[in-house]
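[1] curious how this folds, go ahead:
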Amino acid sequence: MTTTHETHYLILGAGPAGLQSAYFLDKAGRDYLVLEASDQVGAFFSKFPRHRTLLSINKRYTGHDDPEYNLRHDWNSLVSDDPELRVTNRTQEYFPSADVLVQYLGEYAERFALRVRLQQRVNTVSRDPETGAFRLECASGDVYVCKVLIVATGIGRPRIPDVPGIELATGYESMSVDADDYRNQSVLILGKGNSAFETADNLIPTAAMIHLISPGPLRLAWESRFVGDLRAINNSFLDTYHLKSQNASIDGVIHEMARSDSGKIRVSFSSIHVENEIEQIEYDVVLRCTGFCFDDRIFDPSCAPETTLNGRFPALTPGFESVNVPDMYFMGATTQSLDYKKSQSAFIHGFRYNAVALAQLLEERYESTPLPYEPIDPSPGGLTKSIFKRMNVTSSLWQQVGFLADLVVMPGDGETMARYYHDLPYAYLRMHGARISEGRDFYITMFRLGHAPEDAFNHERNANPFEGESSTAIHPVYEFYQPTGSDGESPTSTFHVLEDFFGDRSASEYIETSTLYFESSNQSHPVPVRQLEQARLMARDQNMRLVDEDARQRRAARLREVTAAANQPRDAE
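    Numbers count the residues shown, from 1 in each chain. A predicted model of the protein is given here:
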C-alpha cells in the first residue's frame with residue numbers, strides 16, 4: 001500500500017551535509033523531513049575511508065577558549081549552538097577514526113531531534129509539470145512530495161575509467177583491506193589520490209611490488225594548499241619510491257588490461273614523459289582507487305540536473321541551486337563543483353558553512369525573511385574594528401577561503417549604521433550585492449590565499465603592512481563597490497591586508513592600514529604606500545596575540561638598547 005507524505009522541504013541523505021541542513025531548518029521551525037536509505041545516519045562513513053582513518057584534523061588543544069576560533073582546527077564537527085557537541089570532545093586523536101565520526105553524527109541527530117526517516121531508499125525522483133512539486137518514490141512503497149528538494153547524497157558512485165579490461169580491476173569500495181591478502185604479490189593501483197596512497201601505505205609491509213599510475217602528476221597538499229590533494233599522513237609510500245624499494249609512482253596512460261596466459265593481469269601503458277614507448281607489465285592484482293562522483297541515476301527526465309566537470313558533479317548556481325531545475329538545491333561534497341580544488345566545499349569543514357549560507361538564502365526566498373545582518377559603526381575606524389574582531393576568530397571565512405565572504409552595506413540617507421552580513425558565497429554577492437545593498441555602496445570582505453611560492457618551505461615574505469598584496473599565505477581582502485545596477489560588476493578598488501603568521505591583526509599597523517583604506521576608498525583615492533622606517537617588532541602574548549602598542553614600544557626600545565650594547569667594542573682586558 002502506497003503512503004504519501006507531504007512536506008515543504010525534503011532533504012535527501014542523512015550524512016553530515018543532510019544533518020547540517022536539517023539543523024538550520026529545524027532551528028527556524030520549518031516543515032521538513034530527511035530521508036536516509038540506510039538504517040543509520042552517516043552511513044557512508046561506516047565504510048569509508050576503507051582503512052578507517054580520517055584525513056580531517058581534530059585538534060583538541062589550541063591554546064584558545066573561543067569555540068568559533070577552535071573550529072578552524074576541528075574539521076569534523078557540525079555547526080550548532082552547543083559548543084560541547086564537538087568531535088574534539090570525543091577523541092584527542094589528531095586524525096580520528098571514521099567510527100568516531102559515525103557515532104558523533106548519530107549523537108548530533110539525536111541531540112536536536114532531527115526529523116530523519118531511516119531505511120527510505122529513493123528509487124525515483126520526478127516532478128509534477130503542473131504543480132512543480134517533487135515526487136520521491138521509495139523502495140518501501142512510501143511516496144514523499146515536497147516543494148523544495150535539498151539533495152545531500154554526497155558523491156558515492158565509484159568513478160570507473162574507460163579502459164579496455166577495467167573489469168579486471170578490483171574497486172576501492174570492495175577490495176580487501178587485509179594486507180596479508182597481498183603477501184608477496186605485485187600490485188598496481190589506479191589513481192594517485194589519498195585513497196590510492198592510503199591503500200599503498202597499507203600494503204608496503206606485505207606486497208612484493210606496488211605501482212601507482214594516473215595520467216597526471218602527483219599533487220601534494222602542502223604545495224597546492226588544497227587539502228584534498230595528497231596529504232602527509234598518506235605519503236610514506238613516496239619514501240619507498242624515491243629510495244629505490246621496488247615501488248613506483250607513474251605518470252602514465254593505460255591503454256589496455258588483459259588476462260595473460262599465466263593468469264596475471266597484463267597492463268599496457270605509456271608514460272606521459274616518454275615518447276614512442278609502451279610498457280607492458282604483468283601484475284597479480286590491480287586495484288581501482290579513482291575516486292567517486294555524483295550519482296544522478298534516480299532522477300527521471302522531468303528533473304534531471306545538469307552536471308559539470310565531466311559529469312562528476314551537479315552544475316550549480318552561486319546559491320547552490322541546480323542550474324536547470326528550479327527549487328532543487330545541493331549540499332555537501334557535491335557543492336565542490338563551485339570551488340573545485342580551490343576551497344573546502346568537498347569536506348565537512350567547508351560545506352558545513354555552505355549550509356549556513358544556504359539556510360539564509362532559503363529563508364529569504366521561501367519565507368520572505370530578510371537576510372540577517374549586524375549593525376556596525378560605518379566610520380573607517382569602526383569598520384576596521386568590526387571586521388578585524390570577526391576575522392581574527394571566524395572559522396567560516398577561514399575555511400572557505402575565497403569562496404564565502406561577508407558584505408558590509410554602507411548607510412544611505414538618514415541612516416547611521418552600516419549593515420554587516422555574514423557567510424554568503426562570494427560569487428552570489430558579486431551577482432546580488434547591488435540588490436541586497438539597495439543601490440548603496442558596499443564592501444565585500446573575505447580571506448584569500450596569496451600566490452603559491454615555488455618552494456613551500458623556502459621563500460621570502462614582505463614585512464611592510466602597506467604591501468599586503470604581496471602576501472603568499474591566507475590574508476583578508478576588501479573590495480569596494482559602487483553599484484551601477486548591473487550584475488557581476490567589478491570592484492572600484494581592492495585592498496589586501498598583510499598576512500600574519502598567527503592570523504591576528506590586533507597590532508596598530510594592521511589597524512592603521514585598514515582604516516586608511518576605508519578612508520581613501522570613500523574618497524576614491526588609493527592608499528598611499530609607505531616604507532618601513534625600522535624593523536617591525538612582532539611581540540605576542542601567551543595566546544599568540546599581538547600585544548598592545550605601548551608594551552610593544554617598550555620592548556622595541558629595550559631590544560634596541562640590548563642590540564646597541566652588544567655591538568659596542570669591548571675594552572681590552
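
[2] CA only for contacts and neighbour counts going forward, please
    Noted.

[3] mind checking what secondary structure residue 286 has?
    Local secondary structure at residue 286 is given as strand here, using DSSP: H, G, I helix; E, B strand; the rest coil.

[4] any idea of the pLDDT on the most centrally placed residue in the chain?
    By Cα atoms, centre = their mean, the chain has its centre lying nearest to residue 344, at 1.1 Å. Residue 344 is assigned a predicted lDDT (pLDDT) of 96.

[5] nearest spatial neighbour of it, chain-adjacent residues omitted?
    residue 350 (4.5 Å; Cα to Cα, 6 or more residues apart in numbering).

[6] residue 129 belongs to a strand?
    No. Counting by three-state DSSP, residue 129 is located in no strand; its state is coil.

[7] okay, the closest residue to it other than its chain neighbours and residue 494: tell me how far apart.
    Nearest residue to residue 129 in three dimensions, chain neighbours excluded: residue 302, at 7.8 Å (Cα to Cα, 6+ apart). Per Cα to Cα, to the nearest Å, residue 302 is found 44 Å from residue 494.

[8] now residue 97: phi and psi?
    Backbone torsions of residue 97, given as degrees, to the nearest 10, read phi -70, psi 150.

[9] kindly report the same for residue 88.
    Residue torsions, per degrees, to the nearest 10, at residue 88 are phi -60, psi -20.

[10] near it, how many other residues are there?
    Residue 88 has 23 neighbours, counted by other Cα atoms under 10 Å.

[11] tell me the pLDDT at it?
    If you check residue 88, the pLDDT there is 97.

[12] my read: it touches residue 60, true?
    Yes. In this structure, residue 88 is within contact of residue 60 by Cα atoms under 8 Å, at 5.1 Å.

[13] shared neighbours, those two?
    residue 74 (Cα atoms under 8 Å, 6 or more residues apart in numbering).

[14] mind listing what's buried along the host helix or strand of residue 432?
    If you go by DSSP states H and E, residue 432 is part of helix 426-436. Buried residues in helix 426-436, counted by 16 or more other Cα atoms under 10 Å: 426, 427, 428, 429, 430, 431, 432, 433, 434, 436.

[15] could you check how far the second one is from residue 328?
    To tie it back to what came earlier, the one meant is residue 427. Residue 427 is 19 Å from residue 328, by Cα to Cα.

[16] same check, this time on residue 80
    Per Cα to Cα, residue 80 is found 25 Å from residue 328.

[17] those two: which is more packed in?
    residue 328 (20 against 15).

[18] for that one, which residues are in contact?
    148, 149, 150, 151, 321, 322.

[19] the fifth one pairs with what?
    Spelled out, it's residue 321. Residue 321 has these beta-bridge partners by DSSP bridges: residue 329.

[20] I'd assumed residue 331 was in contact with it.
    No. At 9.3 Å, residue 321 does not count as touching residue 331 under the criterion of Cα under 8 Å.

[21] neighbour-wise, which of the two wins?
    Neighbour comparison, residue 321 and residue 331: the larger count goes to residue 331, with 29 against 23 (by other Cα under 10 Å).

[22] quick one, what contacts residue 149?
    Residue 149 neighbours (Cα under 8 Å, 6+ apart): 9, 10, 11, 12, 134, 327, 328, 329.

[23] tell me the confidence at the first one?
    Meaning residue 9. pLDDT recorded at residue 9 is 98.

[24] quick one: secondary structure of it?
    With three-state DSSP as the criterion, residue 9 reads strand.

[25] what's the local residue count around it?
    The burial count for residue 9: 21, using other Cα under 10 Å.

[26] and what of residue 447?
    Number of residues near residue 447 (other Cα under 10 Å) recorded here: 25.

[27] can you report how many residues neighbour residue 102?
    For residue 102, using other Cα under 10 Å, the count is 21.

[28] excluding chain neighbours, what is closest to it?
    Closest residue in space to residue 102, ignoring its immediate chain neighbours: residue 42 at 5.5 Å, by Cα to Cα, 6+ apart.

[29] which ones are touching that neighbour?
    Neighbouring residues of residue 42 by Cα under 8 Å, 6+ apart: 14, 15, 16, 101, 102, 105, 106.

[30] which of the residues you listed has the most neighbours?
    residue 16 (34 neighbours).

[31] what separation is there between that residue and residue 109?
    According to Cα to Cα, residue 16 and residue 109 sit 10 Å apart.

[32] now swap in residue 184 and tell me
    Distance of residue 184 to residue 109, computed by Cα to Cα: 45 Å.

[33] more neighbours, the two?
    Taking neighbours as other Cα under 10 Å, residue 184 and residue 109 compare with residue 109 leading, 20 against 13.

[34] that one: what secondary structure?
    With three-state DSSP as the basis, residue 109 sits in helix.

[35] re the thing from before, okay, residue 302 and residue 494: which has more neighbours?
    Between residue 302 and residue 494, counted using other Cα under 10 Å, residue 494 has the larger neighbour count: 17 against 13.

[36] so the residue lying closest to the more buried one once chain neighbours are set aside is in which element?
    Closest residue to residue 494 apart from its sequence neighbours, by Cα to Cα, 6+ apart: residue 479 at 4.5 Å. If you go by DSSP H and E, residue 479 is part of strand 474-481.

[37] ok, that strand: who's next to it in the sheet?
    When DSSP bridges is applied, strand 474-481 pairs with strand 442-449 (antiparallel), strand 493-496 (antiparallel).

[38] angle of that strand against helix 426-436?
    30 degrees (axes from the mean of the first three to the mean of the last three Cα atoms, to 10 degrees).

[39] hang on, the earlier thing: export whatever helix or strand the residue nearest to residue 344 lives in as PDB, just CAs?
    If you go by DSSP H and E, residue 350 is part of helix 348-367. C-alpha atoms of helix 348-367 as PDB (Å, rounded to 0.1, in the frame of the first residue of the first chain):
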ATOM      1  CA  ILE A 348      32.800  18.800   6.300                       C
ATOM      2  CA  HIS A 349      34.800  21.800   7.500                       C
ATOM      3  CA  GLY A 350      33.900  23.600   4.300                       C
ATOM      4  CA  PHE A 351      30.300  22.500   3.400                       C
ATOM      5  CA  ARG A 352      29.100  23.000   7.000                       C
ATOM      6  CA  TYR A 353      29.400  26.700   6.300                       C
ATOM      7  CA  ASN A 354      27.800  26.300   2.800                       C
ATOM      8  CA  ALA A 355      24.800  25.000   4.800                       C
ATOM      9  CA  VAL A 356      24.900  28.200   6.900                       C
ATOM     10  CA  ALA A 357      24.700  30.200   3.700                       C
ATOM     11  CA  LEU A 358      22.000  28.100   2.100                       C
ATOM     12  CA  ALA A 359      19.900  28.400   5.200                       C
ATOM     13  CA  GLN A 360      19.900  32.200   4.900                       C
ATOM     14  CA  LEU A 361      19.100  32.000   1.200                       C
ATOM     15  CA  LEU A 362      16.200  29.600   1.700                       C
ATOM     16  CA  GLU A 363      14.800  31.800   4.400                       C
ATOM     17  CA  GLU A 364      14.900  34.900   2.200                       C
ATOM     18  CA  ARG A 365      13.500  33.200  -0.900                       C
ATOM     19  CA  TYR A 366      10.700  30.900   0.500                       C
ATOM     20  CA  GLU A 367       9.900  32.500   3.900                       C
END
